[in-house]
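[1] Coordinates for the following, if possible.
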Amino acid sequence: MYLQLRYLLTKCIDNDTFKHFTYDDGLHLFYDRSMCSEGASIHGPALCNDQSNIPILLSTDTVFCVRCLSWLPQAADWPTQQRNYDWPDSATVDRVIMNGCDVVQVAHRQWRQDEWMSKFQWRLSFSRAQIILINSWMPVQQVVYHMLRVFVKSELLANSNTNEALSNYHIKTLMMWACELKSSSFWTDDLNLIRICVELLHTLSVWLTYARCKHYFVTNCNLIQNFFGVQLIASQLMSIDDAWLSTWFVNNYIRKCSLLCPDSVSSLFNDVSTRMKLQNAVSAVVNWRLSTALEYTWQAIQFVKALITRYVFECFLTVRWCVCWMTELAKTDTHLATYFTAVVFLHVAHKIPKTGFSDELTNVLATVSGQCNSQLSLSKAIKLMKVVASDLQSTAEFRTIKPSSSTDLSTSELVDLLQQSAIEHLTTYRQFEQFEAREFGSVATIVTTDFEALYAYKHGDYQRCLQLSTQNVHTLLYAVHVHDILISSKFIHLLDDDIVSLTALTLIVVRECWDGPYHVGITQLTLSLYLMTQCQLKLRHSVTSLAQTLNHIKLTQRKLPQFNVFPFEWTLEQLTLKLAEHKALTYIIKMCSFNSH
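    Numbers count the residues shown, from 1 in each chain. Below is the predicted model:
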């Protein structure tokens, strides 16, 4: 299809609807895919970025799309078609229709070499609908879908000729039709995953034989457009039986899974000559996976936190962007919105002294304060809005700081309020993390007052900072694993000049720190030791106290390698501990020299 620019949409904030105005200037929407970022390859409508060479990052596919807010007439028959087994049910159908669909920028296969067509042709995409439908499947249906995709991708799509005739979309279509046309007993009675897979592969074979694969949503659309190679694929699929497919999955799937396990588990597959030996080997893989699943979930949540910190800095904050993030984060972990709110507060606190307080930032603060479930932010949010209302002058396009000494005070007060609220949210989130670490079986020990200590140090409350940091050091000093703090642009202005300088030095020297969302981090133990040292120096503690802290620093330096996965992560840790050690030693030597005189 082609997209002609015909309407100007204006969103109504009050009721979340749109007003539209029609015009006709003869222009069509296009996207030049040849201008994609360096290193990205093109696959269908997607730009594929391979990040597999970078630790902790995954390869990503980016698809540029235009949202269709209403269900398209090309699929008008789908909602009302007869369904014998009540899948999808009426509620699911309604959700699909209400969610609309998209068009994605990819030309028809026969026009992809044409200079004009390749830029201006778009294709219908029902990805939103498919996600809703797949999420409504029974677990056995989701497992079968995964097995079929793995088999077809590994066995058939590796061949370039086959790849032209068959794709993963055919497997998705096969599964959607099977879920609609087969009763629940097909999936659940005498459950046998291999038997189900074989039957569905035979169904696909019949479709390929007759070169007919009906699109699930668009009735008059045939998904088999390239007859070349189809007959050979159909013959291969029809020859598959239960015994052959079972052997294939053992050799090409389960064995590969076992290679991710410890040697004690993977070595069991050296001999699976009997049913009992195979069952024992598979059970060992399953048990190992179950034992590590919670730990992987914990790691995934930590990765999401890193992404939040990165993207709040990189993206232009809008109300819609914040609502979208907080809604999606709640689906992963109900407490991540608290962390997100804290990062937004810190970002705005860092931004307004430089750029002023815009209408958009006002709305963003009101949104994240209202969306967050934490009661502790309510009083500060009210006070924050009062400061904005009384001390910031509003114009039609931008709120600017009034140029007087009283407003300078108000700006400072506003920044401090935001930082206080951020620290409270971060401390609350630390408490959630501490609880979840126990629930997830994480081996990391977490303290909850590290951000409180930072804030106390920043505001000169060295006694409070020393108290909190000392408690944290005693908790973390003999822990097997300790938790990290990300030192990003959001958190860095909570730190002192020395840590900021060390962070900058780390980023200059260690390029790997910029290759992912983590940037650079420091453990809670190292930060607590540094704050403890600084506070003892500022409060002029005894040499004995500093000597004890120095012993803690040396112990931590010896334990350092066990805290980090990648060697480059040691840099800021080493520098910070070395700085704290130097400060403590200098003070001890100075005091001993003074006492000797």
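
[2] now Val140, nearest residue through space, not along the chain?
    Ranked by CB to CB, 6 or more residues apart in numbering and with sequence neighbours excluded, the top spatial neighbour of Val140 is Trp187, at 5.1 Å. Heads up, the C-betas are built off the backbone N, CA and C, glycines and all.

[3] ok, the one you found - how many residues close by?
    Neighbour count of Trp187, defined by other CB atoms under 10 Å: 18.

[4] contacts for the helix or strand hosting it?
    In this assignment (DSSP states H and E), Trp187 forms part of helix 184-188. Residues outside helix 184-188 that contact it (CB atoms under 8 Å, 6 or more residues apart in numbering): 85, 138, 140-141, 144, 196.

[5] From these, which land in strands?
    Among those, none falls in strands (DSSP state E).

[6] And the buried ones among the residues you listed, selectable in ChimeraX?
    To isolate the buried members of these in ChimeraX, using 16 or more other CB atoms under 10 Å:
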select :141,144,196
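
[7] okay if I get the contacts of helix 184-188 as a markdown table plus pLDDT?
    Shown next, in a markdown table, are these (pLDDT from 0 to 100):
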| residue | pLDDT |
| --- | --- |
| Tyr85 | 92 |
| Met138 | 95 |
| Val140 | 96 |
| Gln141 | 97 |
| Val144 | 97 |
| Ile196 | 96 |
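
[8] Tell me the one of the contacts of helix 184-188 nearest Ile131?
    Nearest to Ile131 out of these is Gln141 (CB to CB; 14.4 Å).

[9] Could you report the distance from that closest one to Cys213?
    When distance is defined by CB to CB, to the nearest Å, Gln141 is 19 Å away from Cys213.

[10] Could you do Leu329 as well?
    As judged by CB to CB, Leu329 and Cys213 stand 38 Å apart.

[11] With Leu505 instead?
    For Leu505, the distance to Cys213 - CB to CB - is 59 Å.

[12] mind listing what's buried in stretch 287-301?
    For stretch 287-301, the neighbour count (16+ other CB under 10 Å) marks 288, 297-298, 301 as buried.

[13] count of residues packed around the residue nearest to Met176 when sequence neighbours are not counted?
    Sequence neighbours aside, Tyr216 is the residue nearest to Met176 in space, at 4.6 Å (criterion: CB to CB, 6+ apart). Residues lying near Tyr216 (other CB under 10 Å) number 23.

[14] Quick check: Trp298 touching Glu433?
    No - using CB atoms under 8 Å, Trp298 is not in contact with Glu433; the gap is 9.2 Å.

[15] What's the local residue count around Asp497?
    When neighbours are defined as other CB under 10 Å, Asp497 has 7 of them.

[16] So which residues of the stretch 201-350 of the chain form helices?
    Under the criterion DSSP state H, counting those that start in this stretch, helices of the stretch 201-350 of the chain are mapped to 230-238, 242-249, 255-258, 263-266, 275-314, 319-332, 336-355.

[17] do the same with the stretch 351-500 of the chain
    Using DSSP H, counting those that start in this stretch, the helices of the stretch 351-500 of the chain run over residues 359-371, 378-391, 405-439, 450-458, 462-476, 497-509.

[18] Just want the angle from the fourth one to helix 462-476.
    For the pair helix 450-458 and helix 462-476, the angle between their directions (axes from the mean of the first three to the mean of the last three CA atoms, to 10 degrees) equals 150 degrees.

[19] which residues are contacting helix 450-458?
    The contact list for helix 450-458, computed with CB under 8 Å, 6+ apart, reads 419-420, 423, 426-427, 430, 462, 464-465, 468-469, 472, 485, 494-496, 524, 527-528, 531, 534-535.

[20] Could you measure from Ser501 over to Leu507?
    Distance of Ser501 to Leu507, given as CB to CB: 11 Å.

[21] Got a ChimeraX select line for the buried ones in the contacts of helix 450-458?
    Per 16+ other CB under 10 Å, the buried members of these correspond to this ChimeraX selection:
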select :419,420,423,426,427,430,462,464,465,468,469,472,485,494,495,524,527,528,531,534,535
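
[22] List the buried residues of stretch 253-263.
    Quick answer for stretch 253-263 (16+ other CB under 10 Å): 254, 257-258, 261.

[23] quick one: low-confidence parts of this protein?
    Counting by pLDDT under 70, the ranges of the chain that qualify are 33-40, 51-58, 157-164, 226-229, 371-409, 439-443, 488-490, 511-519, 561-569, 595-597.

[24] Now do the domain split for it, please.
    1-126, 137-258, 293-442, 448-597 (automatic domain parsing).

[25] The spatially closest residue to Glu573 that is not a sequence neighbour: neighbouring residues, count only.
    Among residues not flanking Glu573 along the chain, Thr526 sits closest, at 5.2 Å (CB to CB, 6+ apart). Using other CB under 10 Å, Thr526 is surrounded by 27 other residues.

[26] Let me know the helix or strand that Thr526 is in.
    Thr526 belongs to helix 524-538 when assigned by DSSP H and E.

[27] I'd like to check the angle between whatever helix or strand comes next after that helix and helix 462-476, please.
    Where DSSP H and E defines the elements, the next helix or strand beyond helix 524-538 is helix 543-559. For helix 543-559 against helix 462-476, the angle between stretch directions is 40 degrees (the same axes, to 10 degrees).

[28] Could you list the buried residues of helix 543-559?
    Going by neighbour count (16+ other CB under 10 Å), the buried part of helix 543-559 is 543, 545-546, 549-550, 552-553, 556-557.

[29] from the chain's centre, how far out does that helix sit?
    Put simply, helix 543-559 sits 38 Å off its chain's centre (CA atoms, centre = their mean, to the nearest Å).

[30] Okay, angle between it and helix 524-538 too, please.
    Put simply, helix 543-559 runs at 160 degrees to helix 524-538, going by the same axes, to 10 degrees.

[31] Next SSE downstream of helix 543-559?
    Per DSSP H and E, the helix or strand that comes after helix 543-559 is helix 570-596.

[32] Kindly export stretch 544-561 (C-alpha atoms) in PDB.
    C-alpha atoms of stretch 544-561 as PDB (Å, rounded to 0.1, in the frame of the first residue of the first chain):
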ATOM      1  CA  THR A 544      43.000   4.400  65.400                       C
ATOM      2  CA  SER A 545      39.700   4.900  63.600                       C
ATOM      3  CA  LEU A 546      41.400   5.700  60.300                       C
ATOM      4  CA  ALA A 547      43.700   2.700  60.800                       C
ATOM      5  CA  GLN A 548      40.700   0.400  61.100                       C
ATOM      6  CA  THR A 549      39.100   1.900  58.000                       C
ATOM      7  CA  LEU A 550      42.400   1.400  56.200                       C
ATOM      8  CA  ASN A 551      42.400  -2.300  57.100                       C
ATOM      9  CA  HIS A 552      38.800  -2.500  55.700                       C
ATOM     10  CA  ILE A 553      40.000  -0.900  52.400                       C
ATOM     11  CA  LYS A 554      42.900  -3.300  52.100                       C
ATOM     12  CA  LEU A 555      40.600  -6.300  52.700                       C
ATOM     13  CA  THR A 556      38.200  -5.000  50.000                       C
ATOM     14  CA  GLN A 557      41.100  -4.500  47.500                       C
ATOM     15  CA  ARG A 558      42.100  -8.200  48.000                       C
ATOM     16  CA  LYS A 559      38.400  -9.300  47.400                       C
ATOM     17  CA  LEU A 560      37.800  -7.000  44.500                       C
ATOM     18  CA  PRO A 561      38.100  -9.500  41.600                       C
END
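
[33] Good, we can wrap up now.
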